[in-house]
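Student: quick one: sequence and predicted model below, then my questions.
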Amino acid sequence: MYQFKISQLQVLFTVFFLLSFYNTSQAQRVTREQLKDTLLPSFSAYRDNYFITGVPLQNDISKTTADAKYQISFKQLVTRHVLPFQTQLFLTYTQKSFWNIYEFSSPFQDVNFNPGIGLASGIYNRNDELTGIAEFKLEHESNGREGEASRSWNSIILTYNARLNNKTILTLRGWFPFGYSDNRDLIDYIGYGEANLSYDLAPKWNLEVSARKGAQWDWKGNVRSRVFYRISKSTNQHLMLEWYVGNAESLIDYHEYENMIRIGYAIKSPDLNLLRGKKTKPIYE
């Protein structure tokens, strides 16, 4: 049954990947000179900020199986000066919480803390048009607990964000993990990288599919699908529907298989807006 579920998601991911190439028309790209004249925000959202709640699809729905999940994520430029190799230095912090909000006293199941420091650089074609953004990062992730409940790991990460066409962005992320001796089988579930596709379905609609494969020759890993609906053209506020299937949604239960659907409110990250030919706005806009 588990293998069958993952196979269905692989088909979904493949269809989505092919769909991303359907529209081949090109919107205007940002050029190197335009980017030099663009004042990037010193403080902005890094990953999506959201609050969502939902229920499991593989278990009975009850106060103990339904939950809420929220994420806070931001990015701070250390300096506006361009460093060697046309890079910029930045700090990031992401905090993801799993909240048993429907249980008595509403305890938190897990809180994952994820600080990082990195360098980013634009990638250009022969016409000096921006086609991608590369990142090199050092990250730490842990749940801040002690003893048997402690979960932590460090990673050196290489990320490439590529604009495939005017509606689609592909993100490939690979990491070298270290410092996870307390949870030696963690990599069997989170693997060494992930792929993410973001596709603009319509002016207010966006679809994202992300996939990870564990390090072993089995079905460990996960697929996460998200649909965003922008509430208005003047704000970066969205309704978000998320479907998560697989392992390692949280650090505390990384070995557990989850099949959760959740809905809620999101402030979508503008971090890749330059690849879409849009202006990058501060987190509060």
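Tutor: All right, it came through fine.
Student: in a helix, residue 253, correct?
Tutor: No. Applying DSSP: H, G, I helix; E, B strand; the rest coil, one finds residue 253 to be coil, outside a helix.
Student: wait, it touches residue 143, no?
Tutor: No. With contact defined as C-beta atoms under 8 Å, residue 253 does not count as touching residue 143 (10.3 Å). For every residue, glycine as well, the C-beta is placed using N, CA and C.
Student: and these two? Which one has more around it.
Tutor: residue 143 (18 against 15; other C-beta atoms under 10 Å).
Student: looks like the more buried one contacts residue 153 (just checking).
Tutor: No. With contacts counted by C-beta under 8 Å, residue 143 stays clear of residue 153, the gap being 10.7 Å.
Student: that older thread, what sits in contact with each of residue 253 and residue 143?
Tutor: Shared contacts of residue 253 and residue 143 (C-beta atoms under 8 Å, 6 or more residues apart in numbering): residue 110.
Student: could you list the low-confidence segments of the chain?
Tutor: Judged against pLDDT under 70, the low-scoring parts of the chain cover residues 1-28, 33-39, 278-285.
Student: ranges for the helices of this structure?
Tutor: For the chain, helices defined by DSSP state H occupy the ranges 2-19, 32-36, 187-190.
Student: ok, residue 104 to residue 92 distance?
Tutor: As judged by C-beta to C-beta, to the nearest Å, residue 104 and residue 92 stand 35 Å apart.
Student: cool, and residue 84?
Tutor: Here the criterion is C-beta to C-beta. By it, residue 84 lies 21 Å from residue 92.
Student: please name the nearest non-neighbouring residue to residue 267.
Tutor: The shortest distance from residue 267 to any non-neighbouring residue, by C-beta to C-beta, 6 or more residues apart in numbering, is to residue 49 (4.3 Å).
Student: relative to residue 118, how far out is the one you found?
Tutor: Residue 49 is 19 Å from residue 118, by C-beta to C-beta.
Student: equivalent analysis for residue 186, please.
Tutor: Following C-beta to C-beta, the distance that separates residue 186 from residue 118 is 22 Å.
Student: repeat that for residue 143.
Tutor: 22 Å.
Student: do residue 192 as well
Tutor: If you go by C-beta to C-beta, the gap between residue 192 and residue 118 works out to 18 Å.
Student: neighbour-wise, which of those two wins?
Tutor: residue 118 (19 against 15).
Student: show me what that one bridges to in the sheet.
Tutor: residue 90, residue 137 (DSSP bridges).
Student: got the contact list for it?
Tutor: By C-beta under 8 Å, 6+ apart, the neighbours of residue 118 are 89-90, 92, 135-138, 157.
Student: what about 7 Å?
Tutor: Applying C-beta atoms under 7 Å, 6 or more residues apart in numbering, we find residue 118 in contact with 90, 92, 135-138.
Student: which two from those residues end up farthest apart in space?
Tutor: Farthest-apart pair in these is 92 and 136; separation 12.6 Å (C-beta to C-beta).
Student: quick one: which of those two has more around it?
Tutor: residue 92 (19 against 14).
Student: ok, the more buried one - contacts?
Tutor: 46, 75, 115-116, 118.
Student: and if we set it to 8 Å?
Tutor: So residue 92 contacts 46, 73-76, 114-118, 137, 139 (C-beta under 8 Å, 6+ apart).
Student: a markdown table for those, including distance to residue 62?
Tutor: Formatted as a markdown table, the contacts of residue 92 follow (distance: C-beta to C-beta, whole Å):
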| residue | distance to residue 62 |
| --- | --- |
| 46 | 34 |
| 73 | 30 |
| 74 | 35 |
| 75 | 38 |
| 76 | 41 |
| 114 | 30 |
| 115 | 35 |
| 116 | 36 |
| 117 | 42 |
| 118 | 41 |
| 137 | 39 |
| 139 | 35 |
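Student: buried ones from the residues you listed, can you make that a PyMOL selection?
Tutor: To isolate the buried ones among the contacts of residue 92 in PyMOL, judged by 16 or more other C-beta atoms under 10 Å, type:
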select buried, resi 46+73+74+75+114+116+118+137+139
